[in-house]
Structures are given as structure tokens and as C-alpha cells.
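In: Show me the folded form of this:
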Amino acid sequence: MSVKIRLQRHGKKGKPFYWIVAADARSKRDGRLLEKIGTYNPNTNPATINLDIDGAVKWLQNGAQPTDTARAILSYKGAMLKNHLAGGVRKGALTEEQAEEKFNAWLEEKAGKISTKEDGLAKAKAEAKAKAFELEKEVNEKRKAVAVEEVAVAEEAVTKTEEAVEEAPQTIDEAAAEAKGETATEEVEVQEEVATEVEASKEEE
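Out: Below is the predicted model:
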């Protein structure tokens, strides 16, 4: 029986969650499995992978062939390296202690890389959040400045209207007085003309 190590899809639509399984190569992708050896969640950053490394190595040593994606996951978690070191032990190139030491050193180095990546992601997230806060603050300041300017313009318009209202009666009174003065002047002129004509008529008589 040909065995493959592959991913079996679970989870919701748009948010897949995978089991890492050993299954008969002839079975359907999500069909019957021989053993579940881990899980893979690509919805997190970095992706969350839980793997039974010893179980994966056992299947590899029994001839199971991983798919390309499964091979990448096994390599990422060190299962491929451990299988390689186990082969070296069987051939006598390494002792069990040397193989274990090499594997542990690789795990420490890998953990350091993952930690660095997580720190970088956290820092980038914090910087993005700070930048978004600054942009929001700048937008709010601009809105506040525009609002203050609009209030100032409105107050100025109200002040001008009030001044115009206060000046209006005075202007009306002045216009009435001026009109009255012009009328009185015209009456005096008319009276003077009449008096002149009267005197002229008397002289002619």
C-alpha cells in the first residue's frame, strides 16, 4: 500500500484549517486516514503548526511520501532533518547522541528565527498602529481648525449684522432730518420769490 503524508482540509469557508495526516494514496483528499500526525492553521501570522515529529519520522522511514506542501511543513518543523539524521545513525555515520545534539541545536536556531520574526511582526504592527493614530490625530486637528474658522466667520457675520441694525435708525433719522431741512429751504426760497414779485408789482403801480 502506497502511503502519502498530506493535508486534509477542515474549518469554515474562507478560513481553512488542515490536519496533517498519513493516508492511503488512493483515498480521497478528505477521506479515510491512517493516522493524524499534526495540524496546520494558515489563518495566523506566522502560521500555527503542531506536529508529532517522531510520528512523521516513523511514517517517512516506512516509505510514506509527503506532498509538496506537507514536505515544506515537515522541513519547517525539523521532521525531514530528523529523518536524515536517523538515516546517518543507521549507516553508522553518527551516534544517537550526536544526532540528538545536532537536532537540538537546529531547534534552538529555528526558535531564535521564529522569535525574531514574531518580534518584527509585533514591532511592525505597533508602528502601523502609531502611524494610524498620528494620521487620525492630524485629521482631527484639521477638522477642528476648519470648525473654528467657520465659527469665527459666523461670529463676524453676526457682528456685522448687529452693527448694521444699530446704524440703520440713525441713518433713517439723518435722512429724515436732511429731507426736512431741504423742504424748509425750498419754502423760504418760494416765500422770498413771492415777496419779490409783490414788491415789484407795488413799484409798477
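
In: can you give me the strands in the protein?
Out: Per DSSP state E, the chain carries strands over the ranges 3-12, 15-24, 35-41, 48-51, 65-66.

In: can you put those in JSON lines and add distance to Lys113?
Out: Placement of C-beta: from N, CA and C, glycine included. What follows is the strands of the chain, written out as JSON lines (distance: least, CB to CB, whole Å):
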{"stretch": "strand 3-12", "distance to Lys113": "23"}
{"stretch": "strand 15-24", "distance to Lys113": "21"}
{"stretch": "strand 35-41", "distance to Lys113": "19"}
{"stretch": "strand 48-51", "distance to Lys113": "14"}
{"stretch": "strand 65-66", "distance to Lys113": "22"}
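
In: of these, which approaches Glu97 most closely?
Out: The closest of the strands of the chain to Glu97 is strand 48-51. By CB to CB, the value is 23.6 Å.

In: Report the mean per-residue pLDDT for the closest one.
Out: Computed over strand 48-51, the mean pLDDT rounds to 90.

In: Which strands or helices does it pack on?
Out: In this structure, strand 48-51 packs against strand 35-41, helix 68-77, with contacts taken as 3 or more CB pairs under 8 Å, 6 or more residues apart in numbering; DSSP states H and E.

In: one more time with 10 Å, if that's ok
Out: If you count contacts as 3 or more CB pairs under 10 Å, 6 or more residues apart in numbering; DSSP states H and E, strand 48-51 packs onto strand 15-24, strand 35-41, helix 68-77.

In: center of the protein, which residue is that?
Out: Ala132 (6.9 Å; CA atoms, centre = their mean).

In: Can you name the residues bridging to the closest residue to Tyr76 other than its chain neighbours?
Out: With CB to CB, 6 or more residues apart in numbering as the criterion, Tyr76 has its nearest non-adjacent residue at 6.8 Å, and that residue is Ile49. For Ile49, the beta-bridge partners are Tyr40 (DSSP bridges).

In: State the number of residues packed around Ile49.
Out: 17 (other CB atoms under 10 Å).

In: okay, and for the chain, where does confidence drop off?
Out: 1, 165-191, 194-195, 197-198, 200-205 (pLDDT under 70).

In: If we use 80, what do you get?
Out: Applying pLDDT under 80 to the chain picks out residues 1, 28-31, 94, 112, 114-115, 117-122, 125, 158, 160-205.

In: what ranges do the helices span in it?
Out: Using DSSP state H, the helices of the chain run over residues 53-61, 68-77, 79-91, 96-204.

In: among the ones you listed, which is the most enclosed?
Out: When you average the neighbours per residue for each of the helices of the chain (mean count of other CB atoms under 10 Å), helix 53-61 leads with a mean of 19.

In: which residues touch that one?
Out: Helix 53-61 has contacts (CB atoms under 10 Å, 6 or more residues apart in numbering) with 3-5, 20-22, 34-38, 52, 64-66, 70-71, 73-74, 77-87, 90, 103, 107.

In: Could you rerun that using 8 Å?
Out: In this structure, residues lying in contact with helix 53-61 by CB atoms under 8 Å, 6 or more residues apart in numbering are 3, 5, 20, 22, 35, 37-38, 66, 74, 77-80, 82-83, 86.

In: Tell me how far that helix lies from the chain's centre.
Out: Counting by CA atoms, centre = their mean, to the nearest Å, helix 53-61 is centred 43 Å from the centre of its parent chain.

In: That concludes my questions; thank you for your assistance.
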